[in-house]
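In: Here's a sequence, model it:
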Amino acid sequence: MLRRHVTEQTAILLSVTKWVVLSAGVGIVIGAVVTLFLKILTYGEQSRGELPFEYYYLLPVALLLTVALVRTFAPNAEGHGTEKVIEAVHKKHGKIDVAVIPVKLFATLLTIFAGGSVGKEGPGAQIGAGTASLISELLRFSREDRKKLVICGISAGFAAVFGTPIAGAIFGVEVLIIGVILYDVLLPSFIAGFTAFTTAQFLGIEYTYFDIHFFQDVALDLPLILKVVAAGIFFGLVYDLVVSAVNWSHKLLKRLPAHPYAVAFTAGLVLVGLTQVIGTAYLGLGLDTIKEALTPHPYTPPDIPWYAFLLKTLFTSITLGAGGSGGIITPLFYIGATSGLTFAHLVGSDHLTLFAALGFVSVLAGATNAPIAATIMAVELFGIEIAHYAALSAVISFLITGHRSVFPSQILAMKKSEMLEVKVGEVIEKADADLQDIGRIRDIKERLRLRREKLKEQKKRKLSAVKPEKKEP
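Out: Purely as a prediction, here's the structure:
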């Protein structure tokens, strides 16, 4: 027994040491690469003023070039990044084409510089995962070790982009399979996320955090709890609208009888036209609007229209549907925060910033099916006082969104209601939910139909077996 125990503990110690060293090293490298991406992105946004015309006039050309770049050099860089990483983890044991890293970086910079409504986290996760995959190939890791390291890359990229190392670590192990947390990758994900975050800070990346408790009382009380429950339902419905719009836009633009380059250029013209009418508030990352929504205003409410989340949904759907490169989570933050303000006005609540913060994380929870990571992100960004409300709203939003996701390659390992009949173990894109009672009624009807057909067949056989007697002349 003693020998077996010593053997077990020695093996565990060696395994822990191995993954501490590997994940720390990978986290440092990814933190540096993501820092480069973020600094170039910031420089690009700041240099827009050097143009002799409005920067968004570049949208038609930028979308065309983005589509051409991705189609020519790295088709796997298409879309909003994180989805391709999840697909690679499930189908290729984490193997990612190294060309994805520079192509995704440049294509995203091009899209955001011109004003495309996309985010920076998808490229961050894809760059992180691609870097981890490259390191695995260079060091000749096994397929299982490569898969683990790529998951660490997702966590590190997420943590370095948003400045939330714990939420980033949990996101990497929660987002792959709905209803399952990959505990065997938990330690390396934590270390990779923390080292990437620390490296980015060391290299000069500054993050924004909000202490809403300093300005508003968010103590527990029953009326506010009921409003938070209603908010969770509202945010789930908001996300349902977003995913429907994004999917519809993507399918519509793909079906157009025109070359993808022409579609991208035309979509850019549409965005330019909308901007001329509506304004520039819905272009790019939208970080200024997010900060305004999440910054407490003791005397005057933020100057954000109630329909801001609807227009941001429109701009994001067109940009991504036309082939723009970038993430979808940053636009979801915008949509969540602004829809939170709208909800606060609807219910007559004074807690504008609280509901903006809840929308920020709850729409994320519903979109990614990662309520735990979303709740932890709320604590890291807004303070511990929001934790109980964030958990309640995020989980309700996660359930209300049903079996849908911005990441179609997520594997479904649970059903969100005992009243539903859903096939688990498949990718969520193929999930077909139905009411159990209706399903049973259909089964009964089908069995009755088969029984009737069987009886008819038996009757025909009996009739054919009975031959009529011949009459004598």
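
In: Output the below-cut-off pLDDT ranges for the stretch 251-400 of the chain.
Out: Applying pLDDT under 70 to the stretch 251-400 of the chain picks out residues 298-300.

In: three-state assignment of residue 281?
Out: Following DSSP: H, G, I helix; E, B strand; the rest coil, we place residue 281 in the coil state.

In: what's around the residue lying closest to it once chain neighbours are set aside, how many residues?
Out: Leaving aside its sequence neighbours, residue 281 sits nearest to residue 289 (Cβ to Cβ, 6 or more residues apart in numbering; 6.0 Å). Bear in mind the C-beta positions are built from the backbone N, C-alpha and C, glycine included. By other Cβ atoms under 10 Å, the residues close to residue 289 number 20.

In: element containing residue 289?
Out: Assessed by DSSP states H and E, residue 289 sits inside helix 287-294.

In: Not counting residues beside it along the chain, what's closest to residue 376?
Out: Nearest non-adjacent residue to residue 376 (Cβ to Cβ, 6+ apart): residue 167, at 4.4 Å.

In: Give me the distance between the helix or strand the one you found falls within and the centre of its chain.
Out: Per DSSP H and E: residue 167 is located in helix 165-174. Between the mean C-alpha location of helix 165-174 and the chain-wide mean there is a distance of 13 Å, by Cα atoms, centre = their mean, to the nearest Å.

In: change the start of the numbering to 885 and stick with it
Out: That works, and once the first residue is 885, the last one we named lands at helix 1049-1058.

In: export that helix as CSV, just CAs?
Out: What follows is helix 1049-1058, C-alpha atoms only, in CSV (Å, rounded to 0.1, in the frame of the first residue of the first chain):
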residue,chain,number,x,y,z
PRO,A,1049,-7.2,36.0,-15.5
ILE,A,1050,-9.6,33.8,-13.4
ALA,A,1051,-12.6,34.3,-15.8
GLY,A,1052,-10.3,33.6,-18.7
ALA,A,1053,-9.1,30.3,-17.2
ILE,A,1054,-12.6,29.2,-16.4
PHE,A,1055,-13.8,30.3,-19.9
GLY,A,1056,-11.2,28.0,-21.6
VAL,A,1057,-12.4,24.9,-19.7
GLU,A,1058,-16.1,25.7,-19.7
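
In: so residue 1072 makes contact with residue 1032?
Out: Yes - with contacts counted by Cβ atoms under 8 Å, residue 1072 reaches residue 1032, the gap being 6.4 Å.

In: Give the residues shared as contacts by these two.
Out: residue 903 (Cβ atoms under 8 Å, 6 or more residues apart in numbering).

In: any idea how far the spatially most central residue of the chain lies from residue 953?
Out: With distances taken as Cα atoms, centre = their mean, the residue of the chain nearest its centroid is residue 1252 (4.2 Å). For residue 1252, the distance to residue 953 equals 27 Å [Cβ to Cβ, to the nearest Å].

In: all helices of the stretch 885-1034 of the chain, in order?
Out: Using DSSP state H, counting those that start in this stretch, the helices found in the stretch 885-1034 of the chain span residues 886-930, 943-957, 966-976, 984-997, 1005-1022, 1027-1046.

In: With adjacent residues omitted, what lies nearest to residue 1278?
Out: residue 1249 (3.8 Å).

In: ditto for residue 1124
Out: residue 1285 (6.0 Å).

In: who's in contact with that neighbour?
Out: Contacts of residue 1285 by Cβ under 8 Å, 6+ apart are 1120, 1123, 1124, 1127, 1250, 1251, 1253.

In: ok, 10 Å please
Out: Going by Cβ atoms under 10 Å, 6 or more residues apart in numbering, residue 1285 touches 1119-1124, 1126-1127, 1246-1247, 1249-1253, 1300.

In: State the mean pLDDT of stretch 972-979.
Out: When pLDDT is averaged over stretch 972-979, the result is 86.

In: picking up where we left off before, and for the residue nearest to residue 1278, the neighbour number?
Out: 32.

In: does it sit in a helix or strand, and which one?
Out: Using DSSP H and E, residue 1249 sits in helix 1236-1252.

In: Next secondary structure element downstream of that helix?
Out: helix 1255-1266.

In: in the next helix-or-strand element following that following helix, what's buried?
Out: As assigned by DSSP H and E, the chain's next helix or strand after helix 1255-1266 is helix 1271-1284. Under the neighbour-count criterion of 16 or more other Cβ atoms under 10 Å, helix 1271-1284 has 1273, 1274, 1275, 1276, 1277, 1278, 1279, 1280, 1281, 1282, 1283, 1284 buried.

In: What is helix 1271-1284 packed up against?
Out: helix 1106-1139, helix 1236-1252, helix 1255-1266 (3 or more Cβ pairs under 10 Å, 6 or more residues apart in numbering; DSSP states H and E).

In: quick check: angle from it to helix 1236-1252?
Out: 40 degrees (axes from the mean of the first three to the mean of the last three Cα atoms, to 10 degrees).

In: what angle separates helix 1271-1284 from helix 1106-1139?
Out: Using the same axes, to 10 degrees, helix 1271-1284 lies at 40 degrees relative to helix 1106-1139.

In: neighbours of the nearest residue to residue 981 once chain neighbours are set aside, just the number please.
Out: Of all residues not flanking residue 981 in the chain, residue 960 sits nearest, at 5.4 Å (Cβ to Cβ, 6+ apart). Residues near residue 960, counting by other Cβ under 10 Å, number 19.

In: Could you pull up the residues touching residue 960?
Out: 954, 968-969, 971-972, 976, 980-981, 983-984, 987-988, 1010, 1014.

In: if we go to 7 Å?
Out: By Cβ atoms under 7 Å, 6 or more residues apart in numbering, the contact list for residue 960 reads 968, 981, 984.

In: would you list these in a markdown table and tack on neighbour count?
Out: Formatted as a markdown table, the contacts of residue 960 follow (neighbours: other Cβ atoms under 10 Å):
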| residue | neighbour count |
| --- | --- |
| 968 | 26 |
| 981 | 18 |
| 984 | 29 |
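
In: can you put these in TSV and add distance to residue 1059?
Out: What follows is the contacts of residue 960, written out as TSV (distance: Cβ to Cβ, whole Å):
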residue	distance to residue 1059
968	13
981	21
984	18
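
In: What is the nearest of those residues to residue 1262?
Out: The shortest approach to residue 1262 among the contacts of residue 960 belongs to residue 968, at 27.1 Å (Cβ to Cβ).

In: mind listing what the closest one touches?
Out: Applying Cβ under 7 Å, 6+ apart, we find residue 968 in contact with 960, 1010.

In: Same check on residue 1002?
Out: By Cβ under 7 Å, 6+ apart, the neighbours of residue 1002 are 964, 995, 996, 1203, 1204, 1208, 1209, 1210, 1211, 1215.
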